[in-house]
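Engineer: Dropping the sequence and predicted coords here.
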Amino acid sequence: MSAPFRLEALTEAHDRAAFACGEEPLDRYFQTQVSQDIRRNITNCFVAIEAASGLIAAYYTLAAASIPTPDLPPELTKKLPRYPAIPAVRIGRLAVDQRFQGRGLGAALLADAALRTLAAGPAVYALVVEAKNEAAAAFYRHHGFLPSASHPRTLFLPLATAAKALLPPRPAWTRTGRGQADIFVFG
(Lines give C-alpha, C1' and ligand atoms only; values in the text may rest on other atoms or scores of the structure.)
Protein backbone atom coordinates (compact mmCIF):
# COMPACT_ATOMS: atom_id res chain seq x y z
CA MET A 1 0.00 0.00 0.00
CA SER A 2 1.46 3.37 -0.96
CA ALA A 3 1.50 6.44 1.25
CA PRO A 4 -1.15 9.08 0.51
CA PHE A 5 1.47 11.88 0.53
CA ARG A 6 5.14 12.21 -0.30
CA LEU A 7 7.46 14.94 0.99
CA GLU A 8 10.00 16.50 -1.34
CA ALA A 9 11.90 19.69 -2.01
CA LEU A 10 9.98 22.30 -3.98
CA THR A 11 11.08 22.63 -7.61
CA GLU A 12 9.97 24.73 -10.57
CA ALA A 13 8.04 21.69 -11.82
CA HIS A 14 5.54 21.94 -8.95
CA ASP A 15 2.32 23.80 -9.75
CA ARG A 16 1.78 26.26 -6.88
CA ALA A 17 -1.04 28.32 -8.45
CA ALA A 18 -3.97 26.40 -6.92
CA PHE A 19 -2.58 26.29 -3.38
CA ALA A 20 -4.94 27.97 -0.91
CA CYS A 21 -4.55 27.57 2.85
CA GLY A 22 -6.94 30.36 3.77
CA GLU A 23 -4.21 32.77 4.94
CA GLU A 24 -3.58 35.21 2.08
CA PRO A 25 0.01 36.13 3.08
CA LEU A 26 1.02 32.43 3.20
CA ASP A 27 -0.66 31.73 -0.15
CA ARG A 28 0.90 34.79 -1.81
CA TYR A 29 4.37 33.99 -0.49
CA PHE A 30 4.16 30.40 -1.74
CA GLN A 31 2.78 31.36 -5.15
CA THR A 32 5.02 34.35 -5.90
CA GLN A 33 8.10 34.64 -3.68
CA VAL A 34 9.39 31.33 -2.35
CA SER A 35 11.29 30.46 -5.55
CA GLN A 36 13.23 33.73 -5.32
CA ASP A 37 14.12 33.02 -1.69
CA ILE A 38 15.32 29.53 -2.64
CA ARG A 39 17.50 30.90 -5.47
CA ARG A 40 19.01 33.48 -3.08
CA ASN A 41 19.76 30.77 -0.48
CA ILE A 42 17.47 32.48 2.03
CA THR A 43 15.29 29.44 2.62
CA ASN A 44 14.55 25.88 1.54
CA CYS A 45 10.98 24.79 0.88
CA PHE A 46 9.51 21.33 1.19
CA VAL A 47 6.10 20.23 -0.06
CA ALA A 48 3.68 17.41 0.72
CA ILE A 49 2.28 16.05 -2.54
CA GLU A 50 -0.92 14.02 -2.59
CA ALA A 51 0.09 10.81 -4.37
CA ALA A 52 -3.29 10.27 -6.05
CA SER A 53 -3.67 13.73 -7.59
CA GLY A 54 -0.18 15.21 -7.62
CA LEU A 55 -1.54 18.33 -5.87
CA ILE A 56 0.52 20.26 -3.36
CA ALA A 57 -1.24 19.60 -0.07
CA ALA A 58 1.11 21.53 2.25
CA TYR A 59 4.46 23.27 2.46
CA TYR A 60 7.00 24.55 4.95
CA THR A 61 10.22 26.52 4.76
CA LEU A 62 13.48 26.13 6.68
CA ALA A 63 16.22 28.71 7.18
CA ALA A 64 19.19 29.28 9.44
CA ALA A 65 18.47 31.20 12.62
CA SER A 66 19.58 31.73 16.18
CA ILE A 67 17.86 32.15 19.52
CA PRO A 68 19.12 34.84 21.91
CA THR A 69 20.22 32.93 25.00
CA PRO A 70 18.32 35.26 27.37
CA ASP A 71 15.09 34.22 25.58
CA LEU A 72 15.50 30.63 26.76
CA PRO A 73 14.13 29.45 30.12
CA PRO A 74 16.71 29.51 32.95
CA GLU A 75 16.45 25.73 33.45
CA LEU A 76 17.75 25.28 29.89
CA THR A 77 20.37 28.04 29.82
CA LYS A 78 22.16 26.67 32.89
CA LYS A 79 23.00 23.60 30.77
CA LEU A 80 24.22 25.61 27.76
CA PRO A 81 27.43 27.52 27.01
CA ARG A 82 27.31 31.22 27.79
CA TYR A 83 27.01 32.37 24.19
CA PRO A 84 24.87 35.39 23.30
CA ALA A 85 22.82 33.22 20.91
CA ILE A 86 22.28 29.53 20.28
CA PRO A 87 22.09 28.04 16.73
CA ALA A 88 18.65 27.15 15.47
CA VAL A 89 16.68 26.41 12.32
CA ARG A 90 13.64 28.56 11.63
CA ILE A 91 10.42 27.14 10.25
CA GLY A 92 9.57 30.36 8.46
CA ARG A 93 6.22 29.33 7.06
CA LEU A 94 4.06 26.24 7.35
CA ALA A 95 0.70 25.92 5.62
CA VAL A 96 -1.79 23.22 4.64
CA ASP A 97 -4.13 23.67 1.67
CA GLN A 98 -7.76 23.94 2.80
CA ARG A 99 -8.67 20.78 0.86
CA PHE A 100 -6.24 18.78 3.01
CA GLN A 101 -6.64 20.36 6.45
CA GLY A 102 -7.55 18.11 9.36
CA ARG A 103 -5.48 15.14 8.15
CA GLY A 104 -2.45 15.61 10.40
CA LEU A 105 -0.27 17.12 7.67
CA GLY A 106 0.87 20.00 9.89
CA ALA A 107 2.24 17.55 12.45
CA ALA A 108 3.83 15.48 9.67
CA LEU A 109 5.58 18.59 8.33
CA LEU A 110 6.91 19.44 11.81
CA ALA A 111 8.27 15.90 12.13
CA ASP A 112 9.86 16.13 8.69
CA ALA A 113 11.44 19.49 9.55
CA ALA A 114 12.87 18.05 12.76
CA LEU A 115 14.24 14.96 11.00
CA ARG A 116 15.82 17.02 8.22
CA THR A 117 17.41 19.31 10.80
CA LEU A 118 18.68 16.38 12.86
CA ALA A 119 20.23 14.88 9.71
CA ALA A 120 21.89 18.14 8.62
CA GLY A 121 25.60 18.68 9.13
CA PRO A 122 25.72 21.85 11.25
CA ALA A 123 25.02 21.61 14.97
CA VAL A 124 21.63 23.07 15.82
CA TYR A 125 20.03 23.37 19.24
CA ALA A 126 16.39 23.91 18.31
CA LEU A 127 13.69 24.55 15.75
CA VAL A 128 12.21 28.03 16.15
CA VAL A 129 8.97 29.55 14.83
CA GLU A 130 7.23 32.91 14.91
CA ALA A 131 3.54 32.10 15.37
CA LYS A 132 1.38 34.54 13.40
CA ASN A 133 -1.55 34.33 15.83
CA GLU A 134 -2.69 32.57 18.98
CA ALA A 135 -4.17 29.63 17.04
CA ALA A 136 -0.78 28.99 15.40
CA ALA A 137 0.98 29.35 18.77
CA ALA A 138 -1.41 26.79 20.28
CA PHE A 139 -0.64 24.38 17.40
CA TYR A 140 3.09 24.62 18.07
CA ARG A 141 2.69 24.35 21.86
CA HIS A 142 0.56 21.22 21.29
CA HIS A 143 3.55 19.72 19.47
CA GLY A 144 6.02 20.44 22.26
CA PHE A 145 7.31 23.90 21.32
CA LEU A 146 8.09 26.19 24.25
CA PRO A 147 7.56 29.97 24.31
CA SER A 148 10.59 32.24 24.51
CA ALA A 149 10.92 34.33 27.66
CA SER A 150 10.51 37.70 25.96
CA HIS A 151 8.22 36.91 22.99
CA PRO A 152 5.40 34.43 23.72
CA ARG A 153 4.70 33.88 20.00
CA THR A 154 8.31 33.00 19.34
CA LEU A 155 8.44 29.33 20.18
CA PHE A 156 11.21 26.76 20.05
CA LEU A 157 11.59 23.00 20.19
CA PRO A 158 14.92 21.65 21.42
CA LEU A 159 16.11 19.06 18.91
CA ALA A 160 17.00 16.70 21.75
CA THR A 161 13.29 16.66 22.60
CA ALA A 162 12.36 16.08 18.95
CA ALA A 163 14.91 13.28 18.64
CA LYS A 164 13.46 11.46 21.65
CA ALA A 165 10.01 11.63 20.10
CA LEU A 166 10.99 10.77 16.52
CA LEU A 167 14.01 8.48 16.59
CA PRO A 168 14.21 4.93 17.94
CA PRO A 169 16.56 4.46 20.87
CA ARG A 170 20.05 3.64 19.71
CA PRO A 171 22.43 1.37 21.61
CA ALA A 172 25.80 2.81 22.53
CA TRP A 173 27.38 0.07 20.45
CA THR A 174 26.43 -2.61 17.96
CA ARG A 175 28.11 -5.95 17.41
CA THR A 176 29.15 -7.16 14.00
CA GLY A 177 30.87 -10.45 13.22
CA ARG A 178 30.98 -13.67 15.26
CA GLY A 179 33.19 -15.35 17.80
CA GLN A 180 36.70 -13.98 18.31
CA ALA A 181 36.35 -11.70 15.26
CA ASP A 182 33.64 -9.57 16.91
CA ILE A 183 33.83 -5.92 16.03
CA PHE A 184 32.07 -3.33 18.16
CA VAL A 185 31.00 -0.12 16.48
CA PHE A 186 30.31 2.81 18.80
CA GLY A 187 28.05 5.77 18.09
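Structural biologist: Sure thing, it's come through.
Engineer: Strands of the protein, residue ranges please.
Structural biologist: Taking DSSP state E as the criterion, the chain contains strands spanning 5-9, 44-50, 56-68, 85-96, 126-130, 146-147, 154-158, 173-176, 183-186.
Engineer: and the angle from the longest helix belonging to the chain to strand 56-68?
Structural biologist: Determined from DSSP state H, the single longest helix within the chain is helix 105-119. Regarding helix 105-119 and strand 56-68, their directions subtend 50 degrees when assessed with axes from the mean of the first three to the mean of the last three CA atoms, to 10 degrees.
Engineer: Output the strands of the chain as JSON lines; include the columns distance to residue 117, mean neighbour count and mean pLDDT.
Structural biologist: Where C-beta positions appear, they are placed from N, C-alpha and C, glycine not excepted. Shown next, in JSON lines, are the strands of the chain (distance: least, CB to CB, whole Å; neighbours: other CB atoms under 10 Å; pLDDT from 0 to 100):
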{"stretch": "strand 5-9", "distance to residue 117": "14", "mean neighbour count": "15", "mean pLDDT": "94"}
{"stretch": "strand 44-50", "distance to residue 117": "11", "mean neighbour count": "20", "mean pLDDT": "96"}
{"stretch": "strand 56-68", "distance to residue 117": "7", "mean neighbour count": "20", "mean pLDDT": "96"}
{"stretch": "strand 85-96", "distance to residue 117": "5", "mean neighbour count": "21", "mean pLDDT": "96"}
{"stretch": "strand 126-130", "distance to residue 117": "6", "mean neighbour count": "24", "mean pLDDT": "96"}
{"stretch": "strand 146-147", "distance to residue 117": "16", "mean neighbour count": "17", "mean pLDDT": "93"}
{"stretch": "strand 154-158", "distance to residue 117": "10", "mean neighbour count": "23", "mean pLDDT": "94"}
{"stretch": "strand 173-176", "distance to residue 117": "25", "mean neighbour count": "10", "mean pLDDT": "47"}
{"stretch": "strand 183-186", "distance to residue 117": "24", "mean neighbour count": "9", "mean pLDDT": "40"}
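Engineer: closest to residue 79 out of those?
Structural biologist: strand 154-158 (10.2 Å; CB to CB).
Engineer: returning to what we had before: please name whichever of the strands of the chain is nearest to residue 114.
Structural biologist: strand 126-130 (6.1 Å).
Engineer: right, so of the strands of the chain, which gets closest to residue 164?
Structural biologist: strand 154-158 (9.6 Å).
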